[in-house]
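Q: fold the following and give me the result.
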Amino acid sequence: MNIGRRHLTGHLPGVAVVAVGLLGASAAHAVSADEETVAKRLEAFRAAQFAHDAKALNALCSDELSYSHSDAHVEDKATFVKNATADKTKFLSLEYKDPWIRVVGDTAIVRFHWVAESETIADGKKNSTNLHILMIWQKQAGDWKLLARAATKL
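A: The predicted structure is shown next:
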């Protein structure tokens, strides 16, 4: 069967209606106990990043962590914790704006807008970051752990 643009575009109005319906349905989504717990873990992670707290970051991350930065380099757990707590820079502010959390089984999908300002300790140079973050959390032995993270520059 040969499918051209005309065949595909004929379905777009229906797809748009379904998409709007799904977006509207998310507004009525009730927050589950697991989603509340993940939200607390997310805030604990933000606070640990801000404070450069290696012990807290270790506790929040899965041993299998895959942590991807907006410049496309990827770190494992040990490398992420080492670099996140190296004290080469300090956060002046770090916000996780508009978090969106959905739990599916033992996995949580988390999205938010990262807005931060940091300062290089050696020379005092300031840097602002504006990112979209996707995190995957997994319930492991009854505890939510960060399994994967990906960042996209905005």
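Q: which strand residues bridge residue 137?
A: Beta-bridge pairing of residue 137 under DSSP bridges involves residue 108, residue 146.
Q: residue contacts, it?
A: 38, 41, 42, 107, 108, 110, 144, 145, 146, 147 (Cβ atoms under 8 Å, 6 or more residues apart in numbering). Backbone N, C-alpha and C define where each C-beta goes, glycine included.
Q: let's have the residues you listed in CSV, adding neighbour count.
A: CSV is the format used below for the contacts of residue 137 (neighbours: other Cβ atoms under 10 Å):
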residue, neighbour count
38, 23
41, 21
42, 22
107, 13
108, 25
110, 23
144, 22
145, 19
146, 24
147, 20
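Q: now do the helices in the chain.
A: 5-9, 12-27, 33-51, 54-60, 77-84 (DSSP state H).
Q: please look at residue 108 and residue 40 and confirm they touch.
A: No: between residue 108 and residue 40 there is no contact under Cβ atoms under 8 Å: 11.7 Å.
Q: before we move on, the earlier item: right, and the pair among the contacts of residue 137 with maximum separation?
A: By the measure Cβ to Cβ, 42 and 107 form the most distant pair in the contacts of residue 137, at 14.3 Å.
Q: which secondary element of this structure has the worst mean pLDDT?
A: Within the chain, no helix or strand scores below helix 12-27, which has a mean of 44 by mean pLDDT, DSSP states H and E.
Q: what residue ranges in this protein score low on pLDDT?
A: Residue ranges of the chain with pLDDT under 70: 1-28.
Q: next, residue 30: phi, psi?
A: phi -80, psi 140 (degrees, to the nearest 10).
Q: got the contact list for it?
A: With Cβ under 8 Å, 6+ apart, residue 30 has no contacts at all.
Q: with the one 5 residues further on instead?
A: The neighbours of residue 35, taking Cβ under 8 Å, 6+ apart as the test, are 101, 102, 103, 108.
Q: rerun at 7 Å
A: By Cβ atoms under 7 Å, 6 or more residues apart in numbering, the contact set of residue 35 is 101, 103.
Q: do you know how far it is from residue 142?
A: 16 Å (Cβ to Cβ, to the nearest Å).
Q: which strand residues bridge residue 74?
A: In beta-bridge terms (that is, DSSP bridges), residue 74 pairs with residue 68.
Q: give me the number of residues near it?
A: For residue 74, the number of neighbouring residues by other Cβ atoms under 10 Å comes to 14.
Q: so it makes contact with residue 66?
A: Yes: using Cβ atoms under 7 Å, residue 74 makes contact with residue 66 at a distance of 6.1 Å.
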